[in-house]
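Undergrad: Next come a sequence and a model predicted from it.
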Amino acid sequence: MTDVEHPDAEPLDTEYHPDTEAALLQAREHVESGRSMPMSASVLVNRDEVLALLEEAIHGLPEELRRARWLLKEREEYLAQARREAEEIVEAGRLQAERMVERSEVVRESRRRAQTVIDDAEAAARALRHEAEDYVDQKLASFEVVLDRTMQAVQKGRERLQVVVELPDEPGPVADELPESAFFDQDEG
């Protein structure tokens, strides 16, 4: 085989490649279960732990992609082998038909059988290709969901950090008595 190995085979390197989705879910759990800061929507999390989990996820992505590439390579090898076998069967049928020219029924049966084998091989190859594409799509979809959730959590955290209320130095009217124009939307210019 080439540089792409079977996913169940023993890896050549001794580097550990974690499950990307599990690492991202663990990072999200750290953020969700972090201790809340008083009077704030922010939470305290151990930066090193979350960064380590995100680093694991980053290192896991190449492993997931390598496995997907392996599936695609296996599909191509299977297609090539099926084509070779089909060509061999067609050639064998042609030789047999030449030997039995006077028996036209044998020639027709050989051609029909060869075409059936070719059709079966192509159908099996299509099914394998669809399975490989479904596997890759499923993995990418799960990555997308996890990354989307993480991005939403990050965005919510950033939004919470941007809320700032400044209190006047001098005693003044109570917040309920302030005119509506005293409040502003920080996103407005």
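TA: It's in. Numbering: from 1, shown residues only.
Undergrad: use CA for all of it now, contacts and neighbours both
TA: Noted.
Undergrad: what about residue 39, distance to residue 82?
TA: Distance, residue 39 to residue 82, using C-alpha to C-alpha, to the nearest Å: 67 Å.
Undergrad: With neighbour numbers in mind, choose between those two.
TA: Higher neighbour count among residue 39 and residue 82: residue 82, with 19 against 6, using other C-alpha atoms under 10 Å.
Undergrad: where does the nearest residue to the more buried one once chain neighbours are set aside land on pLDDT?
TA: Leaving out its chain neighbours, the residue that sits closest to residue 82 by C-alpha to C-alpha, 6 or more residues apart in numbering is residue 121, at 5.6 Å. With respect to pLDDT, residue 121 has a value of 91.
Undergrad: Residue 121 reaches residue 89, doesn't it?
TA: No: taking contacts as C-alpha atoms under 8 Å, residue 121 lies outside contact range of residue 89: 11.6 Å.
Undergrad: Run a quick neighbour tally on residue 119.
TA: The burial count for residue 119: 13, using other C-alpha under 10 Å.
Undergrad: Is it correct that it falls within a helix?
TA: Yes: assessed by DSSP: H, G, I helix; E, B strand; the rest coil, residue 119 belongs to a helix.
Undergrad: How much space separates it from residue 156?
TA: Distance from residue 119 to residue 156, by C-alpha to C-alpha: 54 Å.
Undergrad: and if you look at residue 54?
TA: With C-alpha to C-alpha as the criterion, residue 54 and residue 156 are 18 Å apart.
Undergrad: Comparing these two, which residue is more hemmed in?
TA: More crowded of residue 54 and residue 156, by other C-alpha under 10 Å: residue 54, with 19 against 14.
Undergrad: what about that one, distance to residue 166?
TA: Here the distance between residue 54 and residue 166 works out to 35 Å (C-alpha to C-alpha).
Undergrad: Then residue 44?
TA: With distances taken as C-alpha to C-alpha, residue 44 is found 23 Å from residue 166.
Undergrad: Of these two, which one has the most company?
TA: residue 44 (13 against 5).
Undergrad: What are the buried residues along stretch 149-169?
TA: The neighbour-count check on stretch 149-169 (16 or more other C-alpha atoms under 10 Å) flags residue 150 as buried.
Undergrad: what residues does it touch?
TA: For stretch 149-169, the external contacting residues (C-alpha atoms under 8 Å, 6 or more residues apart in numbering) are 24, 28, 40-42, 186.
Undergrad: Centre of the chain to that stretch, how far?
TA: 30 Å (C-alpha atoms, centre = their mean, to the nearest Å).
Undergrad: With stretch 94-112 instead?
TA: 50 Å.
Undergrad: Cheers, nothing more for now.
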